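A.B. asks: Predicted model, plus sequence, below.
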Protein chains: 4
Amino acid sequence: MGTPGLADRIVEAGGRLFAEQGFHATGIRAIAQAAKVSIGSIYHYFESKEEILERIVRAEIDRRREFLEGLRKQGLPLEEQVRLIVQHHFSLLREGRDSARLFLREWFDPTPELRTKMYRLYDEVAGYIAQLIEEGIAAGEARPCRPLVAAYTILGLVEAVSLRALSGDETAALLMEEGPRELAESLWLWLRR
Amino acid sequence: MGTPGLADRIVEAGGRLFAEQGFHATGIRAIAQAAKVSIGSIYHYFESKEEILERIVRAEIDRRREFLEGLRKQGLPLEEQVRLIVQHHFSLLREGRDSARLFLREWFDPTPELRTKMYRLYDEVAGYIAQLIEEGIAAGEARPCRPLVAAYTILGLVEAVSLRALSGDETAALLMEEGPRELAESLWLWLRR
Amino acid sequence: MGTPGLADRIVEAGGRLFAEQGFHATGIRAIAQAAKVSIGSIYHYFESKEEILERIVRAEIDRRREFLEGLRKQGLPLEEQVRLIVQHHFSLLREGRDSARLFLREWFDPTPELRTKMYRLYDEVAGYIAQLIEEGIAAGEARPCRPLVAAYTILGLVEAVSLRALSGDETAALLMEEGPRELAESLWLWLRR
Amino acid sequence: MGTPGLADRIVEAGGRLFAEQGFHATGIRAIAQAAKVSIGSIYHYFESKEEILERIVRAEIDRRREFLEGLRKQGLPLEEQVRLIVQHHFSLLREGRDSARLFLREWFDPTPELRTKMYRLYDEVAGYIAQLIEEGIAAGEARPCRPLVAAYTILGLVEAVSLRALSGDETAALLMEEGPRELAESLWLWLRR
DNA sequence: TATGAATGAGTATTCATTCAT
DNA sequence: TATGAATGAATACTCATTCAT
């Protein structure tokens, strides 16, 4: 409601441009122009270009965490939960959600400090999934395994495949179409008791 | 035999530095210094900084392809092949093979052209794995599925997990230790008939 | 009496910061923060950053002029007057009086207009000293000389030495300790009939 | 001989511009333009803008040191030496020697590190003068005093007066004309036995 | 009076690339 | 082949100043 604040416009424009061209290739001037904001305003709200990226990533993580928290409260069987997690991820991609794309990019390029922060945020999400799996094991739905390793396996699998699915070519289209079902099935075959 | 040529020295130094610091953070002067080569020589052998990266990536892909070709000739059962593919990947990481790290980095940052090239090279490897799976299906070892999607699943899974395993923290250590066995098992549970 | 006005707080904070870090290195925001005043208020009371400096310098000049006027009224012998002028200057420095330090700084850096203003203010002080000398010559205490040149000599001598005395090292300590007596003596040896 | 190298052109242009407008007011682009050199070349030869200033100051100090060394070898009476030091200084100013002007400027503005360097260089010159005075005392020409304090007195006196003499107004003209004789006389009256 | 969000020209510096030798 | 001096467009970021509230 109401017009979005400058900070929001900056984050939105930054997210889009970073996702399209990469963090390094996106200049602060381009962000300012895209957000219809002065360069000075960017630095009024953010300490640096990196802080913009950080905010974007944090927001994306938050969204995923909320989804997982909501999922957990529903008490669905683990198989269904896995299916929904995979679907959720792909639907974010399909919507063309910029930050979903960005999230897959920039894992490595920024300074080590940012990378450390990103790992920490990522670990939060993995922790949620590990919890779901742990409960699934306790309920006898899943075979005994290390929940955290399994969580990273799920996340990694889903992200790596969706990464390829973003390229825009034929292989990408195939993965985008068949990916969700095939991945959810694979994961369940692997996790189930 | 004999001293390596200038081009080799450049590729070797570039690979090391790109992997350590990233493509953008590595200057051409740093490469020149590390390779004990003049800046002029770099441009004598390579058109641009990107071409150095391209060569490094191509070499890495070639090494993997050779491994997969060799694997295929041995006619092992698919379960064993999957196990060896996973193991091979992790052992490259464990050796600290620079280009293996690099391969995981720079997936996204460079110009779109380079990205396209990288996809193409990556697809080569995926194609080899898809072939192995196709043969496994034909031999009744694996359940029917889309081989290319399955190949990307395997590659994506392995790379995404190893990506996290490179961070150097505790989670990374856990993934590095438990990852290969757990992943191979997962993949086989999923692929088998 | 009562709380000092905003303008005073700004001048006080500006004087301190300029003296500590220099005019260029001190931002308007730092002044606002130190004075616990909004940026807007600064521009309400002053036209520009330079005007703050100008006010500080003017105040310092005024203080010196007052001292010199008071000195003149006492009708002391010129030798004594010279001694007191030197002492006064060093005691300002020793007290750590910010504007005394500032006065020695920023002689040159600001825009030409400000420099001109500073010269004019400085000339006021020199004029007072020249007057004292002129009266000393008339009274037969001092040798005949150009009073204005002599005044600049005195001012320059004292300031240049105190400049060096501000550095905080060993030489500075020596100058701070021996400077006042030695300088007063020198000046009198040189001025006296 | 032959055309001066790029580094020389940069130093020359930098010295001129710094002296005219001050260190802060002189941009690197202005130096590049004035020296008819690319910005890149400046950074090829100098690490930073400050390094240019440093080189200029060092050169100026070197020139003065050479003059003082030459003076000392001539074995003139101290009175004559003092006269020549003062004259030398003023003749540098009169020649419009840029670095002489610069030397008087920028005593304070740059970073603390540079200031420390400048003090150290300045102390070298003061040390030479102190030596001359010490020998003068030993020879019975000068009254006993602390040579280093006396040296700073001489330097400070000369520089402070010449500082004022640079302003370009009437007072400046008076100081420029009468300064050398008057100062030399003053100093000798003060130093002599 | 008083505020501080908004501005954008300006800054020093970097770095891939070229080219005369 | 081999060099490295020379280039200059591009970069992230600063900061005095304005102005609507």
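C.D. replies: Everything's here; your move. Note that the coordinates shown come from a computational prediction; the quantities given were computed from them, not determined experimentally. Numbers count the residues shown, from 1 in each chain, chains lettered A, B, ... in the order given.

A.B. asks: helices and strands of chain A: which one has the lowest mean pLDDT?
C.D. replies: helix A:98-104 (a mean of 51; mean pLDDT, DSSP states H and E).

A.B. asks: Output the below-cut-off pLDDT ranges for chain A.
C.D. replies: Scanning chain A for pLDDT under 70 picks out A:1-3, A:96-115, A:163, A:167.

A.B. asks: quick one: the helices in it?
C.D. replies: Remark: helices assigned in chain A by DSSP state H are A:6-21, A:28-34, A:39-45, A:49-73, A:78-94, A:98-104, A:112-138, A:147-165, A:170-191.

A.B. asks: for the longest one, packing partners?
C.D. replies: Spelled out, that is helix A:112-138. Judged by 3 or more Cβ pairs under 8 Å, 6 or more residues apart in numbering or on different chains; DSSP states H and E, the packing partners of helix A:112-138 are helix A:49-73, helix A:78-94, helix A:147-165. C-betas here are computed from N, CA, C, even on glycine.

A.B. asks: ok now stretch A:16-35, how far from the chain's centre?
C.D. replies: 19 Å (Cα atoms, centre = their mean, to the nearest Å).

A.B. asks: That stretch near DNA strand F anywhere?
C.D. replies: Yes: interface with DNA strand F: stretch A:16-35 contributes A:His24, A:Thr26, A:Gly27, A:Ile28, A:Arg29 (Cβ under 7 Å from any atom of the strand).

A.B. asks: any chance of the residues you listed in TSV, plus distance to A:Ser41 and neighbour count?
C.D. replies: Below are these laid out as TSV (distance: Cβ to Cβ, whole Å; neighbours: other Cβ atoms under 10 Å in any protein chain shown):
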residue	distance to A:Ser41	neighbour count
A:His24	22	17
A:Thr26	17	21
A:Gly27	15	13
A:Ile28	11	16
A:Arg29	13	10
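
A.B. asks: out of these, who's nearest C:Leu93?
C.D. replies: C:Leu93 lies nearest to A:Ile28 out of these, by Cβ to Cβ, at 45.1 Å.

A.B. asks: And the nearest residue to the closest one once chain neighbours are set aside, how far from A:His24?
C.D. replies: Once flanking residues are discounted, A:Ile28 sits nearest to A:Lys49: 5.7 Å by Cβ to Cβ, 6 or more residues apart in numbering or on different chains. Separation of A:Lys49 from A:His24 (Cβ to Cβ, to the nearest Å) stands at 10 Å.

A.B. asks: Kindly report the same for A:Ser38.
C.D. replies: Taking Cβ to Cβ as the measure, A:Ser38 falls 22 Å from A:His24.

A.B. asks: A:Arg9 now?
C.D. replies: Distance from A:Arg9 to A:His24, by Cβ to Cβ: 22 Å.

A.B. asks: ditto for A:Ser162
C.D. replies: In terms of Cβ to Cβ, A:Ser162 sits 22 Å off from A:His24.

A.B. asks: quick check: domain ranges of chain A?
C.D. replies: Domain ranges of chain A: A:1-46, A:53-191, per automatic domain parsing.

A.B. asks: and among those, the most buried is which?
C.D. replies: Neighbour counts (mean count of other Cβ atoms under 10 Å in any protein chain shown) averaged over each of those peak at domain A:53-191, with a mean of 19.
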